[in-house]
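Peer 1: test case, fold it:
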Amino acid sequence: MTNLQTLAFFATPEHDCSYLSGKQATTMFADPKAKINNAIYSQLSELGFRRSGDHYYRPHCNDCKACTPIRVPVSEFRPSRSQKRILKKNQLVEYQIMTPDFHEDHYLLYEKYINERHADGDMYPPSREQYRSFLVESDANTQFVEFSLEGKLCGIAVTDQLEDGLSAIYTFFDPDYTDLSLGTYSVLWQINETLRRGQKYLYLGYFIKNCRKMTYKNQFKPFEARINDLWLSNEQLNKLILSAK
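Peer 2: Presented below is the predicted three-dimensional model:
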């Protein structure tokens, strides 16, 4: 039986970084042939790993530490003024929690989102096969959260249930509803849902200071960041920054 001590890991050759232009990256993957149950997945998340489809990975770059795992201790979270406005703006939005099955309307929303918002990214051009492998087909305890307004599907948050919280895997939404800030709203919803379930953390993946698409993640405060194999609170991070000056 696979456990964290017997799980094998592999590193990719260097490749172009998806986040920072001109940088080379190396990625560490857990053995794709191994059976990763929820307990192991939760331990990997604690160690800074993320899931994409059936792959569990984390950055393993020699000369760059820009990718910082980040999580929100939900019982301590306090929404900012702008986040309170977003919650108020979305008070009529309804949600439905679903199993991670393929639905054509989900895919068409994903396709529209990628085409209009991320045509410069790794997931362009979208396809049903790519969508299935990325978000639908995995052994993780995954849930799709549908957001709708006046009966119209406007966004979906894909989230994984871990032993100590939730892991925000991906959110996509209808670009016609940009004024609702559904990306931010989905994180706020997941924070509240984690708290409702009596769990500790919402894992948000990697914060990358110089990557515009990732800078939103440190707006959910207080947060914890994993640096030098330790999860540090905002207070500890501030002390670390001051001591480095």
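Peer 1: who's the residue nearest to residue 217 when sequence neighbours are not counted bridged to?
Peer 2: Leaving aside its chain neighbours, residue 217 sits nearest to residue 207 (4.5 Å; criterion: C-beta to C-beta, 6 or more residues apart in numbering). Heads up, the C-betas are built off the backbone N, CA and C, glycines and all. Per DSSP bridges, the residues bridged to residue 207 are residue 68.
Peer 1: how confident was the prediction at residue 207?
Peer 2: pLDDT for residue 207: 93.
Peer 1: check contacts around it.
Peer 2: Counting by C-beta atoms under 8 Å, 6 or more residues apart in numbering, residue 207 touches 67, 68, 69, 70, 214, 215, 217, 218, 225.
Peer 1: can we see that at 10 Å?
Peer 2: Neighbouring residues of residue 207 by C-beta atoms under 10 Å, 6 or more residues apart in numbering: 66-70, 214-218, 223, 225-226.
Peer 1: how close does it get to residue 105?
Peer 2: The spacing between residue 207 and residue 105, counted by C-beta to C-beta, to the nearest Å, is 32 Å.
Peer 1: what of residue 26?
Peer 2: Residue 26 is 38 Å from residue 105, by C-beta to C-beta.
Peer 1: any low-confidence regions in this protein?
Peer 2: 1, 241-245 (pLDDT under 70).
Peer 1: what ranges does it have for its helices?
Peer 2: Along the chain, counting by DSSP state H, helices occupy 38-46, 81-89, 104-117, 128-131, 182-196, 234-244.
Peer 1: same list (those) but as TSV, adding mean neighbour count and distance to residue 158.
Peer 2: Shown next, in TSV, are the helices of the chain (neighbours: other C-beta atoms under 10 Å; distance: least, C-beta to C-beta, whole Å):
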stretch	mean neighbour count	distance to residue 158
helix 38-46	18	15
helix 81-89	13	20
helix 104-117	16	10
helix 128-131	14	11
helix 182-196	20	9
helix 234-244	11	27
